[in-house]
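K.L.:
Turn this into a model:
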Amino acid sequence: MGDCADAKLVSRVTVPPIPKLGDMHMYWVWRMLIKSYLDAIGLWSGNHPKESAHTKFVLLSTLEIWVVRREYDEMSSRSIFEDLEERYAITNNDKRDSMYNF
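P.N.:
Sure, this is the predicted structure:
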């Protein structure tokens, strides 16, 4: 039914038990777990994920449906990761500002 060239490869792709990213409150936990998981399977380099179909699958499968953008279909793993960081990472300045804005 699918276009898989090697059925053995499909059996090795697993969705890690990482909580799905749905908002900025979960971002740092999600990032830490994604980084640890991808690093453990050799798909992390420096401060971003390595490019591969497996990496992209892991990233997309750990997002809540409302977080996924249509553009992600054409974007690289690194670009998706950077977009998520831009959208959901809370900096110290953001935290301070949100404490004083009622």
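
K.L.:
how about the longest helix belonging to the chain as PDB, C-alpha atoms only?
P.N.:
In the chain, taking DSSP state H as the definition, the longest helix is helix 27-40. Output of helix 27-40 as PDB, limited to C-alpha atoms (Å, rounded to 0.1, in the frame of the first residue of the first chain):
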ATOM      1  CA  TYR A  27       8.700  23.800  25.100                       C
ATOM      2  CA  TRP A  28      11.800  23.400  27.300                       C
ATOM      3  CA  VAL A  29      10.800  19.900  28.500                       C
ATOM      4  CA  TRP A  30       9.900  18.900  24.900                       C
ATOM      5  CA  ARG A  31      13.200  20.300  23.600                       C
ATOM      6  CA  MET A  32      15.300  18.600  26.200                       C
ATOM      7  CA  LEU A  33      13.600  15.200  25.600                       C
ATOM      8  CA  ILE A  34      13.800  15.600  21.800                       C
ATOM      9  CA  LYS A  35      17.500  16.500  22.000                       C
ATOM     10  CA  SER A  36      18.300  13.600  24.300                       C
ATOM     11  CA  TYR A  37      16.400  11.100  22.100                       C
ATOM     12  CA  LEU A  38      17.800  12.300  18.800                       C
ATOM     13  CA  ASP A  39      21.300  12.400  20.300                       C
ATOM     14  CA  ALA A  40      20.900   8.900  21.600                       C
END
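
K.L.:
so how far is that helix from its chain's centroid?
P.N.:
8 Å (C-alpha atoms, centre = their mean, to the nearest Å).

K.L.:
Identify all contacting residues around it.
P.N.:
Outside helix 27-40, the residues that touch it by C-beta atoms under 8 Å, 6 or more residues apart in numbering are 16, 18-21, 44, 49-50, 55, 58-59, 62, 84-85, 88-90. In short, each C-beta sits where N, CA and C put it, glycine included.
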